[in-house]
Structures are given as structure tokens and as C-alpha cells.
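Colleague: sequence first, predicted coordinates after that:
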Amino acid sequence: MFPEETAAGLRAAYRMGAGVLECDAVLTKDQQLVCRHGVCDLHYTTDILQRPALAAKCAEPFRPASAAQGAAAARCCTTDLSLEEFKTLCATMEMETNRNATAPAEFLRVPDWRPAMYAQGRCTPMLSHRRRPPRQPPQQLRARGAGG
């Protein structure tokens, strides 16, 4: 499995015979289009919380669990970052949050039911309109029933 809205994910979908490949477009802080399902999901679908300089730009930076403030929380949005900053992130599969976390490294965890083998120490780059998914030759499209 590969993170959604990434070139690796689109390539895998194509190889498995997906009939349609699409990108949900969202704007960055500098008004550039990127592929994301949600505007404010970076805190649980990327490594942003492990990057202090970028994590500080989050709409709601990581807040540790405490008796006074309650559960741990964070909220990081695509609109918090420029395209250049966004493209430095590594995509991850959607993670679960640990509401009892006292540090960013404890806040996210791979759900037990989700395979994590896709990453194995590699960075899956984020996808923007400036990084295109692999092109298909016209004959492949025709063989799949597209076109005339």
C-alpha cells in the first residue's frame, strides 16, 4: 500500500488496473495547487510533526496531553505551508492519533490493521501540479477503452 495522493500511489493504482486516476486539488499558502484529500490532514498523513520548523507553522502546533489542557492535539493544514515547504514533506499512510501523547513522536502510530511495509525508511514525496504522475502512451489508453 502507498499513501494516497502521491505519485507512488497513482502508479500502483495504474498497475492494478484502475479505470480513473484523479487528484483532489488543494491550495498552498502561496496559492499553488497540490494533491490532497483534505486541507487540514497533514498532521496525520505526513511527517510534518517530526520537522520542528514546519510543525511550528501548523494552524494548531502539537499540544501535549496534560491535566490542564486535556488530550494531545495538532492541526496542520496545506494552507499553512508554501509549495516549496510542502514538497519537502514525506507522505505517510493515514495514522491514528494517540490522545495521551506528551511528545510529537508519540502522537502518531500506524493502526494495527494497516500494512506499513511500503515505507521501510523511504520518503514518499508529496504530489503537486509541478510533479506529474507517469504518462500513459496513447495506445495504452485506447487498449483500456478510452478515446476513439
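Modeller: Thanks, I have the structure now. Numbers count the residues shown, from 1 in each chain.
Colleague: give me every residue that touches Ile48.
Modeller: Applying Cβ atoms under 8 Å, 6 or more residues apart in numbering, we find Ile48 in contact with Leu42, Leu54, Ala55, Cys58, Cys76, Leu89. All C-beta atoms are positioned from the backbone trio N, CA, C, and that covers glycine.
Colleague: OK, contacts around the fourth one?
Modeller: Translated: Cys58. Contacts of Cys58 by Cβ under 8 Å, 6+ apart are Leu42, His43, Ile48, Ala74, Arg75, Cys76, Cys77, Asp80.
Colleague: highest neighbour count among those?
Modeller: Leu42 (28 neighbours; other Cβ atoms under 10 Å).
Colleague: ok, the closest residue to that one other than its chain neighbours to Phe86 distance?
Modeller: Excluding its sequence neighbours, the residue lying closest to Leu42 (Cβ to Cβ, 6 or more residues apart in numbering) is Cys76, at 3.9 Å. Note on Cys76: its distance to Phe86, by Cβ to Cβ, to the nearest Å, is 11 Å.
Colleague: pLDDT weak spots in this structure?
Modeller: Within the chain, the segments meeting pLDDT under 70 span 114-121, 130-148.
Colleague: and Met95, what does it touch?
Modeller: Counting by Cβ under 8 Å, 6+ apart, Met95 touches Tyr44, Thr45, Leu108, Arg109, Val110, Pro111.
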